[in-house]
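Q: turn this into a model:
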Amino acid sequence: MRPNTKRVCALLPVLVFSMCAVAQKPSDTTAPIHLTLEQVWDKAAQNNKKVQMAHLRVQTSEESLKNAKAERLPEIDVNGAYARVTNMPMYEDGFFHTPTLYPVLHNYYKVGGDAYFNVYNGNKTNLEIQKGQTEHAITKEQENLTLSEVKFSAAVCYLDLVRSCRFKELIAKDIEDQQKQLAHIQELQKNGVVLKSDVLRAQLRLSRQQMGMVQIDNDIAIARQRLAILIGDDENERIDADSMLTDGNAIPGSYEEYLNVAATHAFQLKISEGESVLKKLTLKRVKANVSPKVGLFAEYNFAYPQIQCYPYANAAYGLGMYGVKASFPISAFYHNKHKEKAAVLELKREEVAHEETSDVIRQQVKESYLRYQEALTRIDVAETNINQAVENARIVNNTYFNQLSLVTDLLDADTQLLQTRFDLVSAKIAARVQYYQLQKVIGNL
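A: From the prediction side, this is the model:
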C-alpha cells in the first residue's frame, strides 16, 4: 500500500468519529416520563384533536335531535303593530272628479297572539325524530371509529419508539463488544500476529456503529415528538416506552371468531347500517308528502280603534277565534312521483354500498389475520436465526484469533448476529402492530 493511501485509511476513523460528535445534539436534561400504552391511549382519548372534533360532532347531533323533538310542541307567536291611517277619499262623482275626504282616526294600534298545535302531518314529525336519533347514533359510531384510528396510530408510534429504543440498546451493546474486540485485535497487531488492515477494518465497523447510534437517537426524538403531539402533550417531553410490550405476542383466536366479532362490532359496518336506515326514513318522509295536515289553532287580538266592522268606533276592541285547520296537498300527487322514485333508488344504492362495506370488512379481517399469523411465524424464524448466528459468531471468533479465518469473516459474523437481533425486534413489533390492526378492523380497539 502506498504511503498516502495508508495515511488516508488511518485518518478515516478519526473523521467518522468527528462527524458523529458534530451530529449529536446536547443531551436533554428533561426528566423522562414513563407511559404504558394504555396511558397513551387514555391521553389520546382526552387530548387528541381529531377525537375532540368527533366529540363536538356528537354534541351537535344531540342538539339537532333535541330540536326535532321540540317540533312536537305548539307554535306560539305574538305580534304587534302601529300605523298611521290616511283620510278616506270617497269618489262620489266618479274617479275623474275630486273626491270628498272624510277624516278618520289616524293612529292605529294592534296587539295579539296566535298558536298552532300539529295533530297530524303524515307522521313527518316522528320521522324527523327517528332521523335525528339515527344521525346521532351514526356520529357516535364515527366518534368510536375516529378514536379507534387514533389509538392505532398512537400504538404504531409507540411501538416505533419501542423498536428504536431496543435498537439503541443492541447497538450500544454491540459497540461495547466491538471496542473490546478492537482492543484485542490492536494487541495482536502490536505483536505482529495480524495486519494493520485488520485493525482498520475493525475501526471502520465501529465507526459505522457510532454513526448508526446517532441515527437511532434521531429516530427516538422524532418518535417521541410524534407521540407527544398525537396525545396532546408537550412535544419537548421525553416519553419512555414500555420495552416489554412486545413479549408474548401469540394471542389465541380463529379467523371465524374474529369474523363473527366484526359482524357485530365493526364501526364501519354500523355506520353503513345507519346510512341505510336514514335512506329508509327519507323514503317514508317523501311518501308522507301526500298526506293531509290537521292541527288546532287559536288567536286573539286587541286593536284600537275599531275599524274592522262597520260602524267604526273610537274605542279599543278584542277579537279571537279558535278551531281546527285542515289541508290536503292535491298537487303532491304529481309533484311527489319522481321524488319517491329517486328516494327508492337512493335506498337501493345504499343497500348495495352496505353489502360492499361488509365485503371490505371481511377482506380486511382475512388480510389482518393472515398477516398477524405471518408475523408470528417471522418471530419463530428470527429466534432460530439468532441461535444460528450466535453459534456462527462463536466459531468464527475462535478461528480468527487462532489465525484460521480472515477478519472479514469475523466482522461479517458480528454483523449477521446484530442483524438477526434487529430482525427479532422488528418481527415482534410487526406482530404487535398487526394484532392492533386486526383489533381495529373488528371494532375492538
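
Q: angles on the backbone of the closest residue to N47 other than its chain neighbours, please.
A: Nearest residue to N47, sequence neighbours excluded (CB to CB, 6 or more residues apart in numbering): G232, at 2.5 Å. No exception for glycine: its C-beta is placed from N, CA and C like everyone else's. Backbone geometry at G232, expressed as degrees, to the nearest 10, gives phi 80, psi 20.

Q: same question for G122.
A: Torsion angles at G122 (phi, psi; degrees, to the nearest 10) stand at phi 80, psi 20.

Q: secondary structure class for the residue nearest to it when sequence neighbours are not counted?
A: The shortest distance from G122 to any non-neighbouring residue, by CB to CB, 6+ apart, is to S291 (2.9 Å). Put simply, S291 is coil when judged by DSSP: H, G, I helix; E, B strand; the rest coil.

Q: residues in contact with S291?
A: Contacts for S291 were tallied using CB atoms under 8 Å, 6 or more residues apart in numbering; they are 120-124.

Q: the same query, at a cut-off of 10 Å, please.
A: By CB atoms under 10 Å, 6 or more residues apart in numbering, the contact list for S291 reads 120-124, 328-329, 332.

Q: do G443 as well
A: When contacts are counted by CB under 10 Å, 6+ apart, G443 touches 141, 144-145, 148, 261-270, 361.

Q: swap in 6 Å and give it another go.
A: G443 is in contact with 265-267, counting by CB atoms under 6 Å, 6 or more residues apart in numbering.

Q: how about I231?
A: For I231, the contacting residues are 40, 43-44, 47, by CB under 6 Å, 6+ apart.

Q: which among the residues you listed gets closest to Q419?
A: V40 (29.6 Å; CB to CB).

Q: just for this structure, where's the confidence low?
A: Residue ranges of the chain with pLDDT under 70: 1-31, 244-252, 310.

Q: could you point out the longest helix of it?
A: helix 124-190 (DSSP state H).

Q: buried set for the helix or strand following that one?
A: Remark: after helix 124-190, the chain's next helix or strand is helix 196-230, criterion DSSP states H and E. Neighbour-count burial for helix 196-230, counted by 16 or more other CB atoms under 10 Å, picks out 198-203, 205-207, 209-210, 212-214, 216-217, 219-220, 223-228, 230.

Q: which element follows helix 196-230 toward the C-terminus?
A: Following helix 196-230 in sequence, per DSSP H and E, is strand 239-240.

Q: residues contacting the helix or strand following that following strand, please?
A: Sequence-wise, the next helix or strand downstream of strand 239-240 (DSSP H and E) is helix 255-265. For helix 255-265, contacts defined as CB under 6 Å, 6+ apart pick out 361, 365, 369, 442-443.

Q: next one: stretch 110-121
A: Residues outside stretch 110-121 that contact it (CB under 6 Å, 6+ apart): 74-81, 293-303.

Q: just the ones of those in strands?
A: 75-81, 293-303 (DSSP state E).

Q: quick one, which of those are buried?
A: By neighbour count, with 16+ other CB under 10 Å, these hold 295, 299, 301, 303 as buried.

Q: what pairs with the third one across the strands?
A: Read it as N301. Counting by DSSP bridges, N301 is bridged to G112, L319.

Q: same deal with the first one?
A: Each beta-bridge partner of G295 is listed here: N118, K325, as defined by DSSP bridges.

Q: if I read this right, it contacts V324, doesn't it?
A: No. The pair G295 / V324 is not scored as a contact, 7.4 Å apart, by CB atoms under 6 Å.

Q: quickly find the element holding R72.
A: Using DSSP H and E, R72 sits in no helix or strand.

Q: once you drop chain neighbours, what's closest to it?
A: With CB to CB, 6+ apart as the criterion, R72 has its nearest non-adjacent residue at 5.9 Å, and that residue is T125.

Q: can you list the contacts of S291 in JSON lines and add neighbour count and distance to Q181?
A: Below are the contacts of S291 laid out as JSON lines (neighbours: other CB atoms under 10 Å; distance: CB to CB, whole Å):
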{"residue": "Y120", "neighbour count": "13", "distance to Q181": "92"}
{"residue": "N121", "neighbour count": "17", "distance to Q181": "88"}
{"residue": "G122", "neighbour count": "18", "distance to Q181": "87"}
{"residue": "N123", "neighbour count": "14", "distance to Q181": "85"}
{"residue": "K124", "neighbour count": "17", "distance to Q181": "84"}
{"residue": "F328", "neighbour count": "10", "distance to Q181": "97"}
{"residue": "P329", "neighbour count": "14", "distance to Q181": "93"}
{"residue": "A332", "neighbour count": "16", "distance to Q181": "91"}
